[in-house]
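Asker: Provide a 3D model corresponding to the input given below.
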Amino acid sequence: MRRLLVILLAFMFSQHIVKAHVSFDPAEGCLNVVDVTAGKGFGEFGGDIISAHYLHERFINEQFSVGLGLGYSYINSYQLPAIPLFFSTHYFFLDKRFSPFVNIRAGMYFPIGNSNQSGVNLYLAPSTGVKLQITPRFGILASLGYNAYLLKTLNPVKTVYQTRMVSNLGVSMGVCFQIPGW
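Answerer: Presented below is the predicted three-dimensional model:
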């Protein structure tokens with residue numbers, strides 16, 4: 001009985017697995033990515049971070065997409081919650097089920113409720129990772145990236161605030177999907 005169940009399950013999923021060997025279809029809608037990142041600060045002004053992002057990108061061809069993204073970040077070392085708004089681009093090296101990629105996010109962030117930070121500031125996050133396509137419209141992403149936020153930090157020697165790039169190295173896990181026609 002167990003053997004029959006395994007055979008039936010294998011047969012049911014085999015059609016989806018065979019179809020998943022092709023990558024996203026640029027004619028079938030945009031690339032949508034939802035990811036979560038945890039990072040450890042490094043350098044003199046490094047800051048530990050936890051963040052979540054949503055990206056909506058349009059395919060230029062089978063391997064290249066560009067679009068916009070929005071997120072929520074909390075830089076623990078500076079007790080700074082922020083809303084990044086950014087331009088994003090992905091380049092997938094292979095048009096296959098499994099593909100390495102590079103991603104660049106560049107834009108601005110809005111600090112939330114922190115009296116030391118004001119206005120709009122620079123946000124930059126290049127990363128590299130891998131995509132695994134599970135079905136023709138759904139996959140998972142894993143990446144390693146550098147996250148940088150331009151913010152005012154306290155210089156303990158001069159006891160004044162100075163503008164610095166606060167950076168960290170983050171690990172990101174996410175899902176990517178297409179909604180037909182969107």
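
Asker: and the helices in this structure, which stretches?
Answerer: Per DSSP state H, the chain has helices spanning 2-19. These are given in chain order.

Asker: can you find the helix or strand in it with the smallest mean pLDDT?
Answerer: helix 2-19 (a mean of 53; mean pLDDT, DSSP states H and E).

Asker: separation between the residue most central in space within the chain and residue 142?
Answerer: Computing the C-alpha centroid of the chain and ranking residues by Cα atoms, centre = their mean puts residue 35 first, at 5.1 Å. Separation of residue 35 from residue 142 (Cβ to Cβ, to the nearest Å): 9 Å. Just so you know, the C-beta spots here come from the backbone N, C-alpha and C atoms, and that holds for glycine as well.

Asker: find residues that contact each of those two.
Answerer: 172, 173, 174 (Cβ atoms under 8 Å, 6 or more residues apart in numbering).

Asker: what's the local residue count around the residue nearest to the first one when sequence neighbours are not counted?
Answerer: Closest residue to residue 172 apart from its sequence neighbours, by Cβ to Cβ, 6 or more residues apart in numbering: residue 37 at 4.2 Å. Neighbours of residue 37 under the rule other Cβ atoms under 10 Å: 23.

Asker: so where is the chain shaky, pLDDT-wise?
Answerer: 1-23, 114-118, 153-160 (pLDDT under 70).

Asker: contact partners for residue 83?
Answerer: Residue 83 neighbours (Cβ under 8 Å, 6+ apart): 70, 71, 72, 73, 109, 110, 112.

Asker: how about a cut-off of 10 Å?
Answerer: 70, 71, 72, 73, 108, 109, 110, 111, 112, 123 (Cβ atoms under 10 Å, 6 or more residues apart in numbering).
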